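> Need coordinates for the below:
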Amino acid sequence: MSEAFIEFLKGFEMLTEDEIGLIADHSDIRNFSKGTVLLREGEVAINCYSVIRGCVREYHMVDGDERTTGIYTEGQPVNAFTSASNQIASKHFLVCAEDCLLAVGDEALEQKMCKLIPRLESIIRSEVEKETGKMQDHLARFMTSSPEERYLHLLETRPDLFNRLPQHQIASYLGIKPESLSRIRKRIISKERS
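Numbers count the residues shown, from 1 in each chain. Below you'll find the predicted structure:
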């Protein structure tokens with residue numbers, strides 16, 4: 001069993017050592033190479049993932065262009081809830097932006113684990129609620145801030161992404177063109193020098 005996965009599970013402070021061991025024993029941990037497509041637009045999502053190591057990018061195709069809508073790194077869940085819950089075709093892609101170590105789950109594994117650890121259902125619900133709140137905050141911030149404010153916030157909260165993804169994907173995630181990102185960066189550097 002991956003030591004990295006055990007450390008990942010220890011981040012959930014509500015779990016006991018025995019529960020961590022039980023989850024670890026029943027988990028499907030897999031390595032994925034950079035570029036591996038986990039979900040394609042048009043497929044129905046079956047699996048969910050947790051990033052132990054690496055980076056997974058979510059994107060939509062719009063008029064032939066990839067529009068990055070999510071970037072998931074260590075400790076974050078990666079799900080396609082709309083597709084999986086409603087058994088409908090996904091409207092986005094999930095791809096490994098780096099070599100990844102992921103915990104892979106599905107509905108059958110979740111049900112099995114909830115039988116083994118009855119309180120796990122409430123823990124999962126709590127975690128989903130936290131993630132939903134984060135996504136609501138992210139969407140509100142995105143819709144109410146300028147491109148420069150989005151850039152500065154990303155630089156402050158997730159600076160590692162600038163070394164992990166190409167600049168055109170960062171620009172897409174910020175909702176701007178790569179040349180706009182270059183202008184924003186130059187403007188900020190110019191302000192810092194003055």
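> Skipping its backbone neighbours, what lies nearest I20 in space?
L9 (4.6 Å; CB to CB, 6 or more residues apart in numbering). C-beta here means a position set from N, CA and C on the backbone, and glycine is covered the same way.
> With only the CA atoms kept, save the strand or helix carrying that neighbour in CSV.
Per DSSP states H and E, L9 falls inside helix 3-10. As requested, the backbone C-alpha atoms of helix 3-10 are provided in CSV (Å, rounded to 0.1, in the frame of the first residue of the first chain):
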residue,chain,number,x,y,z
GLU,A,3,2.6,5.4,2.1
ALA,A,4,1.5,8.5,0.3
PHE,A,5,-2.1,7.2,0.4
ILE,A,6,-1.9,6.5,4.1
GLU,A,7,-0.7,10.1,4.7
PHE,A,8,-3.5,11.3,2.5
LEU,A,9,-6.1,9.4,4.7
LYS,A,10,-4.5,10.8,7.9
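> what's in contact with that helix?
15, 20, 23-24, 27, 29, 50, 52-53, 74-75, 101, 103 (CB atoms under 8 Å, 6 or more residues apart in numbering).
> how about it: buried residues?
Residues of helix 3-10 classed as buried: 5, 8-9 (neighbour count, 16 or more other CB atoms under 10 Å).
> just stretch 49-61 next, same as before
Buried, per 16+ other CB under 10 Å, within stretch 49-61: 49-60.
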